[in-house]
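Chemist: take a look and give me a structure for this.
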Amino acid sequence: MIKNLPQIVLLNIVGLALFLSWYIPVNHGFWLPIDADIFYFFNQKLVESKAFLWLVALTNNRAFDGCSLLAMGMLMLGFWLKENAPGRRRIVIMGLVMLLTAVVLNQLGQALIPVKRASPTLTFTDINRVSELLSVPTKDASRDSFPGDHGMMLLIFSAFMWRYFGKVAGLIALIIFVVFCISQSNDWRTLVY
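Modeler: Coordinates of the predicted model:
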């Protein structure tokens with residue numbers, strides 16, 4: 001029997017309540033003003049700071065997605081190098097299961113959760129788009145940004161690392177999650193976190 005079943009049930013109820021507090025109200029209730037304020041605050045910084053504009057442009061480039069994959073791989077490599085042959089095989093299999101879990105959950109999320117939400121850059125008016133301010137190819141708009149595949153993969157990675165490699169590895173993975181998700185300028189903050 002699972003000894004922490006009440007905690008698991010409670011956290012699932014809280015998660016469902018949190019989702020429903022966003023999903024049920026018209027225009028997402030009190031979440032939309034929070035999202036709008038955060039988006040406009042950072043969107044305005046694009047024209048105020050050239051350094052910030054370049055940071056956002058670089059972190060929203062498709063090549064930057066490879067950096068998150070590299071960070072996850074380096075963390076797993078650290079554990080893989082310490083293992084013997086059976087342990088290394090277990091880590092490789094775990095990586096494949098993580099990938100499969102992310103793909104399945106992403107597909108289920110898109111099929112079962114009745115949410116289609118364009119990114120803020122396609123929703124709000126009077127915005128600054130990185131692709132219009134610089135000639136650097138960026139991902140600054142999405143017709144459907146929920147559920148986010150990169151954020152979901154990083155969160156699944158964090159959960160696997162915490163469960164199978166301990167709290168320190170889990171915390172490092174969560175730092176990777178935050179660093180690579182906070183940089184996404186075209187996502188809703190309430191969908192990321």
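
Chemist: setting aside sequence neighbours, what's the nearest residue to the residue positioned nearest the centre of the chain?
Modeler: When C-alpha atoms, centre = their mean is applied to the chain, the residue found nearest the centroid is residue 151 (1.8 Å). Leaving aside its sequence neighbours, residue 151 sits nearest to residue 181 (C-beta to C-beta, 6 or more residues apart in numbering; 4.9 Å). Where you see a C-beta, it was placed from the backbone N, CA and C, and this is true even at glycine.

Chemist: and whichever helix or strand that neighbour is part of, what does it pack against?
Modeler: In the assignment (DSSP states H and E), residue 181 maps to helix 167-182. For helix 167-182, the packing partners by 3 or more C-beta pairs under 8 Å, 6 or more residues apart in numbering; DSSP states H and E come out as helix 62-82, helix 149-165.

Chemist: TSV for those, including mean pLDDT?
Modeler: Formatted as TSV, the helices and strands packed on helix 167-182 follow (pLDDT from 0 to 100):
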stretch	mean pLDDT
helix 62-82	89
helix 149-165	85
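
Chemist: residue 25: which of those is closest?
Modeler: Taking C-beta to C-beta, helix 149-165 is the member of these nearest to residue 25, at 22.8 Å.

Chemist: extract the C-alpha set from that closest one and format it as PDB.
Modeler: C-alpha atoms of helix 149-165 as PDB (Å, rounded to 0.1, in the frame of the first residue of the first chain):
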ATOM      1  CA  ASP A 149       6.200  20.400 -25.300                       C
ATOM      2  CA  HIS A 150       9.600  21.800 -24.200                       C
ATOM      3  CA  GLY A 151       8.300  22.700 -20.700                       C
ATOM      4  CA  MET A 152       6.600  19.400 -20.400                       C
ATOM      5  CA  MET A 153       9.700  17.500 -21.300                       C
ATOM      6  CA  LEU A 154      11.900  19.500 -18.900                       C
ATOM      7  CA  LEU A 155       9.300  18.900 -16.100                       C
ATOM      8  CA  ILE A 156       9.200  15.200 -16.800                       C
ATOM      9  CA  PHE A 157      13.000  15.100 -16.800                       C
ATOM     10  CA  SER A 158      13.000  16.900 -13.400                       C
ATOM     11  CA  ALA A 159      10.500  14.400 -12.000                       C
ATOM     12  CA  PHE A 160      12.500  11.400 -13.200                       C
ATOM     13  CA  MET A 161      15.800  12.800 -12.000                       C
ATOM     14  CA  TRP A 162      14.300  13.500  -8.500                       C
ATOM     15  CA  ARG A 163      12.700  10.100  -8.300                       C
ATOM     16  CA  TYR A 164      15.600   8.000  -9.500                       C
ATOM     17  CA  PHE A 165      18.700  10.000  -8.700                       C
END
